[in-house]
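Asker: fold the following and give me the result.
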Amino acid sequence: VVMDAGSLQGMTVGSRFALYKSGTNQFVDAAKIADATVGRVGLTDSRLDVPPAIVAHPGLLTAARAVEVLHQYGDNRLKIDSKEFLALPGGDQALAKLREVSIVSTDVAAGERPDVSIKLNGGGYDLVRQDGGSVIAHLDPGPEMPNAVRDALQREAQYRFAKSLNNESAASPIRIEMRLVPADVTGDENIGITWKADKAPSPPGASLPDGQYVTLEVRNVGTEDAYVAVLDLASDGTVNQLWPDPSSPINDNVIPHGNPNKWYKLWDASPTTPLPFELGKPYGTEIFKAIATREHVDFKTLRGSGQPASPLDDLLKAAVAGTRAKPAVRPSAWSTSTVVFEVATAK
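Answerer: Predicted structure coming up:
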């Protein structure tokens, strides 16, 4: 079974999926067809190894659902000081849950700083990212704290992966640049917010207030058309797809080549309707990361919807015939452009 998600979307060899019957809403063992494992990972596609009995009866896969049950984090594992976590109330349970999902490494060398540390804050605890000092979660003592620790560090591992996606090689035929432009808007929540006018583009690392609207502009400085998607990496480790809007997906998210000095505003319904984004909590360092490829790529595996968010959902129908739901996506070139800024309390 081939699925349209690879290393760009965070797939890793050895990750395991549970396959469920078509139409399943309650993901329990009684509805499960089989377990499967990711056997090969390419840039934007992967091979899922399924048991021979399932291969012999491909009809079982028709309209099936899939849920990732174990993610192999590999190099994305977080280094932590186990003594810090064991000192938490219920820390032994928290550490056990982290080890169950293979999300952490406690192999911290002498003098080496862990990726995430713990800081006492009032009657609770803050999980603090060592790179920049952002608070990725606040923990309140209680029976749910071990689960809260696991969820926060899973989110942080995903954040670190998304942040590490960098390719700005001048040798790539796919190259883009992105900038952040504060904007004036008109309308309200009832009638909708629309772009009205630009302000001066923000310099790298600018501090922008809560409630400020911005637009994103992209220009193609490469030699080929580029499909562009933008990820939003918030200071608390949350990763969301900012554009194209996941709730209103489009497949024409193409920035044409041939005019490297032209900035294209990312749009809503059509390229003539600029899409404003409102900045808000959590405060701190935020990253917008544009990823450009030769073909359309879906980043839903990084969106963290809380639902069975597997690339197989729409692909298993095609897998029974040995085909794909979309054309093979094997871009030989890709690139990124990153905008880093601070979101601050409104004055």
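
Asker: only C-alpha atoms from now on, for both contacts and neighbour counts.
Answerer: Will do.

Asker: my read: A66 touches F17, true?
Answerer: Yes. Using Cα atoms under 8 Å, A66 makes contact with F17 at a distance of 6.3 Å.

Asker: who's more crowded, those two?
Answerer: The residue with more neighbours, out of A66 and F17, is A66; 29 against 23, by other Cα atoms under 10 Å.

Asker: check which element follows the helix or strand of the chain with the lowest mean pLDDT along the chain.
Answerer: One helix or strand of the chain scores below all others by mean pLDDT, DSSP states H and E: helix 316-319, with a mean of 30. Using DSSP states H and E, the next helix or strand after helix 316-319 towards the C-terminus is strand 334-344.

Asker: I'd like to know which elements that next one is packed against.
Answerer: Using 3 or more Cα pairs under 8 Å, 6 or more residues apart in numbering; DSSP states H and E, the elements in contact with strand 334-344 are strand 176-188, strand 207-209, strand 284-293.

Asker: where do the strands sit along the stretch 51-200 of the chain?
Answerer: For the stretch 51-200 of the chain, applying DSSP state E, counting those that start in this stretch gives strands covering 65-70, 78-79, 104-105, 116-121, 124-129, 135-139, 176-188, 192-198.

Asker: pLDDT on the first one, on average?
Answerer: Pointing back at strand 65-70 there. Averaged over strand 65-70, pLDDT sits at 71.

Asker: the third one now?
Answerer: When pLDDT is averaged over strand 104-105, the result is 85.

Asker: what about the protein, any weak spots by pLDDT?
Answerer: 4, 8-10, 55-56, 63, 70-76, 249, 298-333 (pLDDT under 70).

Asker: that one: helices as residue ranges?
Answerer: For the chain, helices defined by DSSP state H occupy the ranges 52-55, 82-86, 91-100, 145-164, 316-319.

Asker: what about S337, how many neighbours?
Answerer: For S337, the number of neighbouring residues by other Cα under 10 Å comes to 20.

Asker: now it: how far from V104?
Answerer: Counting by Cα to Cα, to the nearest Å, the gap from S337 to V104 is 29 Å.

Asker: circling back to that earlier point, columns distance to G133 and mean neighbour count on top of the helices and strands packed on strand 334-344, output as CSV?
Answerer: Formatted as CSV, the helices and strands packed on strand 334-344 follow (distance: least, Cα to Cα, whole Å; neighbours: other Cα atoms under 10 Å):
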stretch, distance to G133, mean neighbour count
strand 176-188, 24, 17
strand 207-209, 17, 18
strand 284-293, 9, 23
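
Asker: between these, which gets nearest to G90?
Answerer: Between G90 and these, the shortest gap by Cα to Cα is with strand 284-293, which sits at 29.3 Å.

Asker: partners of the closest residue to V135 other than its chain neighbours in the sheet?
Answerer: Leaving aside its sequence neighbours, V135 sits nearest to V128 (Cα to Cα, 6 or more residues apart in numbering; 4.5 Å). Beta-bridge partners recorded for V128 (DSSP bridges): S117, V135.

Asker: what about V128, distance to G280?
Answerer: From V128 across to G280, the span is 20 Å (Cα to Cα).

Asker: what's the neighbour count on K262?
Answerer: Considering only other Cα under 10 Å, K262 is surrounded by 14 other residues.

Asker: for F277, name its beta-bridge partners.
Answerer: Beta-bridge partners, per DSSP bridges, of F277: V214.

Asker: hmm, I was thinking of V185
Answerer: Bridge pairing for V185 (DSSP bridges) gives the partners W195.

Asker: show me the contacts for it.
Answerer: By Cα atoms under 8 Å, 6 or more residues apart in numbering, the contact list for V185 reads I193, T194, W195, K196, A197, Y213, P276.

Asker: switch the cut-off to 6 Å
Answerer: V185 is in contact with T194, W195, K196, counting by Cα atoms under 6 Å, 6 or more residues apart in numbering.

Asker: re the thing from before, out of the helices of the chain, nearest to V116?
Answerer: Nearest to V116, of the helices of the chain and by Cα to Cα, is helix 145-164 at 8.4 Å.

Asker: buried set for the closest one?
Answerer: Neighbour counts using 16 or more other Cα atoms under 10 Å place 145-146, 148-150, 152-163 of helix 145-164 among the buried residues.

Asker: got it, and stretch 15-34?
Answerer: So for stretch 15-34, counting by 16+ other Cα under 10 Å, buried means S15, R16, F17, A18, L19, Y20, K21, S22, F27, K32, I33, A34.

Asker: now, which of those lie within strands?
Answerer: R16, F17, A18, L19, Y20, K32, I33, A34 (DSSP state E).

Asker: run through who's touching stretch 34-45.
Answerer: By Cα under 6 Å, 6+ apart, the residues outside stretch 34-45 that reach it are 3-8, 13-19, 46-50.

Asker: what do you get for stretch 210-220?
Answerer: Contacting residues not belonging to stretch 210-220 are listed as 176-183, 257, 260, 262-266, 276-280, 344-346 [Cα under 6 Å, 6+ apart].

Asker: if we go to 7 Å?
Answerer: With contact meaning Cα atoms under 7 Å, 6 or more residues apart in numbering, stretch 210-220 is reached by 175-184, 255-257, 260-266, 275-280, 343-346.

Asker: that'll do, ta.
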